[in-house]
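Chemist: below are the sequence and a predicted model; questions follow.
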Amino acid sequence: MELLIQLLLGAVGGNVGGALFKNLSLGTLGNSIAGILGGGIGGQLLAALLGAAAPAGMAGTAAGGGVGGLVLMLVVAVVKKMLVK
């Protein structure tokens, strides 16, 4: 269940990043895909760093997914922009 929440909030985070940084947006589908991947990775990293008994619990998982999605979307967009030049 936690992984599903991480993936969903990763997609949300990716699309929020695309809306905030319009010049780096990958489009809705691209933002969502990068966000989903980032949400899964970010959520798992946060869980590993904080451990299973983290006081934040589900809120920490959700935050890790959303932030991970946003960060990976931005990284992919910057790399894409650098390769186009």
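Modeler: Nice, I can see it.
Chemist: what about residue 49, how many residues nearby?
Modeler: 10 (other CB atoms under 10 Å). C-beta here means a position set from N, CA and C on the backbone, and glycine is covered the same way.
Chemist: continuing past the helix or strand hosting it, what's the next helix or strand?
Modeler: Assigned by DSSP states H and E, residue 49 belongs to helix 27-50. Sequence order places helix 58-84 as the next helix or strand after helix 27-50, per DSSP H and E.
Chemist: what comes up buried for the helix holding residue 49?
Modeler: Buried residues in helix 27-50, counted by 16 or more other CB atoms under 10 Å: 30-44, 46-47.
Chemist: and that helix, what does it pack onto?
Modeler: Other elements packing on helix 27-50 under the criterion 3 or more CB pairs under 8 Å, 6 or more residues apart in numbering; DSSP states H and E are helix 2-20, helix 58-84.
Chemist: centre of the chain to it, how far?
Modeler: Taking the mean of its C-alpha atoms, helix 27-50 sits 3 Å from the chain's own mean (CA atoms, centre = their mean, to the nearest Å).
Chemist: out of the helices and strands packed on helix 27-50, which is closest to residue 26?
Modeler: Closest approach to residue 26 among those (CB to CB): helix 58-84, 5.6 Å.
Chemist: quick check: mean pLDDT of that closest one?
Modeler: Taken as a whole, helix 58-84 has a mean pLDDT of 89.
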